[in-house]
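In: please find the sequence and the predicted model below.
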Amino acid sequence: MFNDIAPRYDFLNHLLSLGIDKLWRKRLIRDLLKQKPHQVLDVATGTADLAIALAKKNATVCIDGIDIAEAMLTIGNEKLIKKQLDNRIRLSLASAESLPFKGNHYDACMVAFGVRNFEDPLAGLREIFRVLKPGGTISVLEFTTPKFLPVRLVYQFYFTKVLPFIGRKVSGHSTAYSYLPNSVERFKERNEFIELLKQVGFISTSYKLQSFGVAAIYRAQKG
C-alpha cells in the first residue's frame with residue numbers, strides 16, 4: 001500500500017493535515033535536540049521528511065532512516081541527493097521489529113506516524129530500546145482521538161469522510177486513506193501507549209497533546 005501511494009505521499013500528508021504536521025515535526029525535533037544527539041535513528045522514515053528536517057536544524061547530527069516501503073526510500077534518497085544531505089542521512093530497507101543495527105548505538109530515536117503501522121508494536125519498541133544507548137531517548141509523534149466533544153465530532157467527520165475521499169482521488173489508491181482512520185482507531189494512545197513504553201523498559205515517560213488532542217508527542221528514556 002505504501003509503495004503504491006509513495007509518489008503522492010508527501011503532497012497528501014501536508015494537504016490532508018492542512019500543513020499542521022510540519023509544526024508537529026518541528027516541535028518533536030526541538031525537544032529531541034535538547035539532548036544534543038549525534039547518532040539518531042528515524043524509524044518508519046517514509047520519504048525522509050523528518051530526517052531531513054532534523055539534519056537542517058543541526059549540522060553535525062548523523063541519521064539512519066529505515067522503512068519497509070522501497071518506493072518511499074527511493075523518493076527519500078532522491079530528496080537527500082537534491083538537498084546534499086546524503087552524506088549525513090542513510091536510508092535502509094528494514095522493519096522496526098528487526099533493526100539491522102548493533103545494540104547501544106543511538107543517542108536518540110524518532111518515529112513520526114509510524115508506530116501504529118508496526119506489525120507488532122511491542123516488538124518494535126523492544127528493538128528501538130535495544131539499539132539506543134543508556135540514557136538515549138525515543139520521541140514518537142502519533143495521531144490521537146480528541147476528547148473534547150465538538151473537536152472530536154469535527155475530527156471524526158474529517159477523518160472518516162473527507163480525508164479518505166480526497167486521498168482516494170489524489171493518490172488513485174482505493175483503500176490507503178481509509179486505512180489511516182482505522183489504524184488510528186486501533187492504536188493504543190495516550191496512557192495506554194505510555195504503558196507499552198514502560199513495559200519495554202523505558203523510564204521518564206511523558207506525552208504532550210498537540211492541536212486540541214489531534215496528535216501527541218511521546219517521549220521516554222532508556223535507563
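Out: Okay, I see it.
In: can you give me the helices in the protein?
Out: Secondary structure of the chain (DSSP state H): helices located at 2-16, 20-33, 49-57, 70-82, 121-131, 149-157, 163-171, 176-186, 191-200.
In: what's the weakest-modelled helix or strand in this structure?
Out: The helix or strand of the chain with the poorest confidence is helix 2-16; it has a mean of 68 (mean pLDDT, DSSP states H and E).
In: Tyr106: what's it in contact with?
Out: Tyr106 makes contacts with Pro37, Gln39, Val40, Leu41, Asp64, Val131, Leu132, Lys133, Gly136, as judged by Cβ atoms under 8 Å, 6 or more residues apart in numbering. Quick note: C-beta positions are derived from backbone N, CA and C, even for glycine.
In: look at Met110 and say how many residues are nearby.
Out: For Met110, the count of nearby residues is 30 (other Cβ atoms under 10 Å).
In: thought it was touching Val43?
Out: Yes - at 7.4 Å, Met110 counts as touching Val43 under the criterion of Cβ atoms under 8 Å.
In: overlap in contacts of the two?
Out: By Cβ under 8 Å, 6+ apart, no residue touches both Met110 and Val43.
In: contacts for the longest strand anywhere in the chain?
Out: Using DSSP state E to define each element, the chain has its longest strand at strand 132-143. Applying Cβ under 8 Å, 6+ apart, the external contacts of strand 132-143 come out as 24-25, 28, 31-32, 35, 37, 41, 104-113, 115-116, 125, 128-129, 184, 187, 189, 193, 197, 202, 214-223.
In: quick one, it and helix 191-200 angle?
Out: Angle, strand 132-143 to helix 191-200, by axes from the mean of the first three to the mean of the last three Cα atoms, to 10 degrees: 160 degrees.
In: strand 132-143: which residues count as buried?
Out: By 16 or more other Cβ atoms under 10 Å, the buried positions in strand 132-143 come out as Leu132, Gly136, Thr137, Ile138, Ser139, Val140, Leu141, Glu142, Phe143.
In: partners of the fifth one in the sheet?
Out: The reference is to Ser139. Met110, Arg219 (DSSP bridges).
In: quick check: it vs Met1, distance?
Out: For Ser139, the distance to Met1 equals 25 Å [Cβ to Cβ, to the nearest Å].
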